[in-house]
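>>> sequence? don't have it. structure:
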């Protein structure tokens, strides 16, 4: 498999997985549970230029221009980057014969990024410890990242089964 073919597969895998998490987010919203507003992700990134990486409460930070678009673009770029990390860990052979277990394991493990980076930087504490319902937030994050893992598998399987 050439580099261009691998890159295309990684991009498709990341976009499919990220879109799966978008679809999944409909359920918690319908149950009245808050989900991440990607404008806040854009706001966080927008403050990096000024050297501000951490906020007491990201919602109280000054808005940045085009934060919603920046957040959505970053969200999908992160999904594609995570797909690239999975491929780098498992190799191009996995792309030809993807397994659900490996993708789910990677997806569940990827919950460490929001627990240890984003949530503390947003002011929510490690693993959402400073939120009103930390365990609810943790379980929701874990479920979302499991869905992301399933989406990684689905994205890889599209190529493995139909395109090769």
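Ah, there it is. Computed from a prediction, not measured in an experiment: that's the story for all the values here. Residues are numbered from 1 along each chain as shown.

>>> just give me the neighbour total for the residue nearest to residue 72 when sequence neighbours are not counted.
Closest residue to residue 72 apart from its sequence neighbours, by Cβ to Cβ, 6 or more residues apart in numbering: residue 38 at 4.9 Å. All C-beta atoms are positioned from the backbone trio N, CA, C, and that covers glycine. By the measure other Cβ atoms under 10 Å, the count of residues near residue 38 is 19.

>>> my guess is residue 38 contacts residue 71. True?
Yes - using Cβ atoms under 8 Å, residue 38 makes contact with residue 71 at a distance of 3.5 Å.

>>> which secondary element of the protein has the worst mean pLDDT?
With mean pLDDT, DSSP states H and E as the measure, the helix or strand of the chain carrying the lowest mean pLDDT is helix 26-30 (a mean of 85).

>>> circling back: residue contacts, the residue nearest to residue 72?
By Cβ atoms under 8 Å, 6 or more residues apart in numbering, the contact set of residue 38 is 68, 71-72, 74-75.

>>> wait, which of these is closest to residue 15?
Using Cβ to Cβ, residue 75 is the member of the contacts of residue 38 that lies nearest residue 15, at 10.9 Å.

>>> secondary structure element for that closest one?
Using DSSP states H and E, residue 75 falls within helix 67-90.

>>> now that helix: how far from the chain's centre is it?
7 Å (Cα atoms, centre = their mean, to the nearest Å).

>>> also stretch 128-135?
19 Å.

>>> same question for stretch 132-145.
14 Å.

>>> also stretch 120-129?
16 Å.

>>> with that, I have no additional questions.
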